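> model this:
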Amino acid sequence: MTTSDSSKQKTTKNATKTSSNSGAKAGTWKKDVLKGGVAVIALTAALSYNFVKHAVTDLGLFLGPVQSFNTAGCEVVQGLEACEDVHIHHASGLAFTTCGNAEARKSWYPPMNHHNASTEGGFEDKFVIYDIASGKYDVKELVGLPADTDRVFHGLDIFERSPTELTIFAVNHRRTGSVIEVLEYKIGDKNVYYKETIKHDLIRTPNDIVALGPRSFYVSNDHLYSVGAWRLIEENLRRPWSNVIYYSPETAFVAFDHVISANGMTATTDRSLVYVSACHGGAIHVLKPKEDHTLVEQDHIKLDFYNDNPSFDPATGDVLITGHVKPLTMVAGLSVPNETFNGPSKIMKLAKNPLAETDKKAAKHVLETVLVDDGHLISTGTVAAIDRKRDVMLVGTAFSDRGLVRCPVPKGV
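Model prediction:
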């Protein structure tokens, strides 16, 4: 064999070896790609399954007829419509609420993506104080608020400057932009006094408030996008793009984010825990404030309906969560002008699980159904506030001409 032949043979062997290695690498690469593809498909399928499963449950798509439960003794408070939020001042037995025009809500109500700025009668909400003991209410004048100011109220909360002197924060969806109105009231006074309007770039789509001081609070933004295609994407795909803002005259910042439509809020009396409804996510976040006012999640509880406002019961430490059993019924009803509709509602109690103190694997909280209504009495229920001293539970509704319903405290609650 010549040197040339030997060289050619080595070259051929090397080429064969290189070809073999390349083939092996290609095979491995294909297997890796295949495995990755299968993993992506499996993950997508799992996420899609969970998305569809939760959406079907929360929307009540296959729920069937809603059976009313624990509504005996409930009565409509006549003359009030669309009272979305209710807060009780327990020392005085007075309930504070704002009430609007149920029909006008179909045209102007930014939280529902209704933006008809020429809506007749849509900007004249009432500020109402309801005396639980007597069952009577007064519509209070807001002294100092210019008469031509839009009044489309939403969430509210109360800060007690003293046992009888109150600062009230109220979300107001003006046509010029949503703001927080600061009001003051002294128990027994004839009027409520307007003090100032708070507007801030971070307060984009305000929904509800937890009062912290005379001018400080947490406020939920229920959407990142207020209008347009991105809002529809945010809602329908249940994107966790909303947040909770901390505001004071000195600073404002995002205190908690990644919420699927941050809706109603409440807090313990000492503000050691804050509860935030993730409406489109059908869940509630339990948050703990830090010294810097940021919020840290302590628990996340999945529900089976579109929860709206939670309400803290200081007598028991429990939280009542009110919302919509068939939210698509509500959406459909809001699209038909000049017709009333019945939006089924549910109230659940969220309580601390005593087993969690000794069993680390046990759920931190337990849920119990308090009341269910098919919508003929309580339609589009959004909040339930309890006064145990007078054995009364007040239920507010967002889009009904039966704006406030008075019930006895359900047994076992």
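
> how far away is the closest residue in space to residue 213 that isn't next to it in sequence from residue 84?
Leaving aside its sequence neighbours, residue 213 sits nearest to residue 159 (C-beta to C-beta, 6 or more residues apart in numbering; 6.3 Å). (Glycine included, C-beta is placed from N, CA and C.) From residue 159 across to residue 84, the span is 20 Å (C-beta to C-beta, to the nearest Å).

> And those two? Which one has more around it.
Per other C-beta atoms under 10 Å, whichever of residue 159 and residue 84 has more neighbours is residue 84, with 30 against 20.

> helix, strand or coil for the more buried one?
Put simply, residue 84 is coil when judged by DSSP: H, G, I helix; E, B strand; the rest coil.

> Surely it is in contact with residue 155?
Yes: here residue 84 reaches residue 155: they are 7.3 Å apart, a contact under C-beta atoms under 8 Å.

> Name the residues contacting each of the two.
Counting by C-beta atoms under 8 Å, 6 or more residues apart in numbering, the contacts common to residue 84 and residue 155 are residue 309.

> quick one: low-confidence parts of the stretch 1-150 of the chain?
The model of the stretch 1-150 of the chain has pLDDT under 70 over residues 1-47, 49.

> Now do the helices in it.
3-59 (DSSP state H, counting those that start in this stretch).

> Okay, the spatially most central residue of the chain and residue 322: tell me how far apart.
Residue closest to the mean C-alpha point of the chain, counted by C-alpha atoms, centre = their mean, is residue 263 at 2.0 Å. Using C-beta to C-beta, we find residue 263 at a distance of 11 Å from residue 322.

> what is in contact with these two at once?
With C-beta under 8 Å, 6+ apart, residue 263 and residue 322 have common neighbours 307, 308, 309.

> What residues does the last one make contact with?
When contacts are counted by C-beta under 8 Å, 6+ apart, residue 309 is found next to 84-85, 155, 208, 263-266, 277, 321-322, 382-383, 396.

> Could you find the closest non-adjacent residue to it?
residue 264 is the one closest to residue 309 (C-beta to C-beta, 6+ apart), at 3.1 Å.

> That neighbour: neighbouring residues, count only.
Neighbour tally, residue 264, other C-beta under 10 Å: 29.

> Likewise for residue 325?
Residue 325, neighbours per other C-beta under 10 Å, totals 23.

> please renumber so the chain begins at 174
Okay, residue one is now 174; in that scheme the one you just asked about reads as residue 498.

> tell me the phi and psi of the residue nearest to it when sequence neighbours are not counted?
Computed as C-beta to C-beta, 6+ apart, the closest residue to residue 498 that is not its neighbour in sequence is residue 517, at 4.1 Å. With angles defined as degrees, to the nearest 10, residue 517 sits at phi -50, psi 140.

> Residue 517 is in contact with residue 548, isn't it?
Yes: here residue 517 reaches residue 548: they are 4.5 Å apart, a contact under C-beta under 8 Å.

> which residues are in contact with both of those two?
In contact with both residue 517 and residue 548: 239, 502, using C-beta under 8 Å, 6+ apart.

> Any figure for the gap between residue 306 and residue 275?
On the measure of C-beta to C-beta, residue 306 and residue 275 end up 27 Å apart.

> If you count surrounding residues, which of the two has more?
In terms of neighbours (other C-beta under 10 Å), residue 275 is the more surrounded of residue 306 and residue 275; the figures are 23 against 12.

> re the thing from before, confidence score at the residue nearest to residue 386?
Note on residue 332: pLDDT of 98.

> got a list of what the residue nearest to the centre of the chain touches?
380, 381, 393, 395, 449, 450, 451, 452, 480, 481, 482.

> what ranges do the strands span in the stretch 424-573 of the chain?
Along the stretch 424-573 of the chain, counting by DSSP state E, counting those that start in this stretch, strands occupy 425-432, 435-440, 447-451, 456-462, 468-475, 479-485, 492-497, 518-525, 538-546, 554-560, 565-570.

> for the fourth one, which positions count as buried?
Along strand 456-462, the positions that meet the burial threshold by neighbour count (16 or more other C-beta atoms under 10 Å) are 456, 457, 458, 459, 460, 462.

> With the first one instead?
The neighbour-count criterion (16+ other C-beta under 10 Å) identifies 425, 428, 429, 432 as the buried residues of strand 425-432.

> which residue sits closest to the third one, ignoring its sequence neighbours?
In space, and not counting its chain neighbours, residue 429 is closest to residue 468: 3.9 Å by C-beta to C-beta, 6+ apart.

> Tell me if I'm right that that neighbour and residue 448 touch.
No: with contact defined as C-beta under 8 Å, residue 468 does not count as touching residue 448 (10.7 Å).

> Need the nearest residue in space to residue 459, chain neighbours excluded.
In space, residue 459 is closest to residue 472, 4.1 Å off (C-beta to C-beta, 6+ apart).

> circling back: any shared contact partners between residue 468 and residue 448?
residue 460.

> Quick one: residues contacting the closest residue to residue 523 other than its chain neighbours.
Closest residue to residue 523 apart from its sequence neighbours, by C-beta to C-beta, 6+ apart: residue 492 at 4.4 Å. Neighbouring residues of residue 492 by C-beta under 8 Å, 6+ apart: 439, 448, 457, 483, 484, 485, 486, 522, 523, 524.

> Same question for residue 256.
So residue 256 contacts 270, 271, 272, 273, 301, 569, 570, 576, 577 (C-beta under 8 Å, 6+ apart).

> now do 6 Å
By C-beta atoms under 6 Å, 6 or more residues apart in numbering, residue 256 lies in contact with 270, 272, 569, 576, 577.

> Send me stretch 339-350 as PDB with only the CA atoms.
Below are the C-alpha coordinates for stretch 339-350, written out as PDB (Å, rounded to 0.1, in the frame of the first residue of the first chain):
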ATOM      1  CA  LEU A 339     -65.500  60.100  60.200                       C
ATOM      2  CA  THR A 340     -63.500  60.600  57.000                       C
ATOM      3  CA  ILE A 341     -65.200  58.800  54.100                       C
ATOM      4  CA  PHE A 342     -63.300  57.900  50.800                       C
ATOM      5  CA  ALA A 343     -65.500  57.300  47.800                       C
ATOM      6  CA  VAL A 344     -64.600  56.200  44.300                       C
ATOM      7  CA  ASN A 345     -66.300  58.500  41.800                       C
ATOM      8  CA  HIS A 346     -66.400  57.800  38.000                       C
ATOM      9  CA  ARG A 347     -66.600  61.300  36.600                       C
ATOM     10  CA  ARG A 348     -66.700  61.700  32.900                       C
ATOM     11  CA  THR A 349     -63.400  63.600  33.200                       C
ATOM     12  CA  GLY A 350     -61.800  60.600  34.800                       C
END
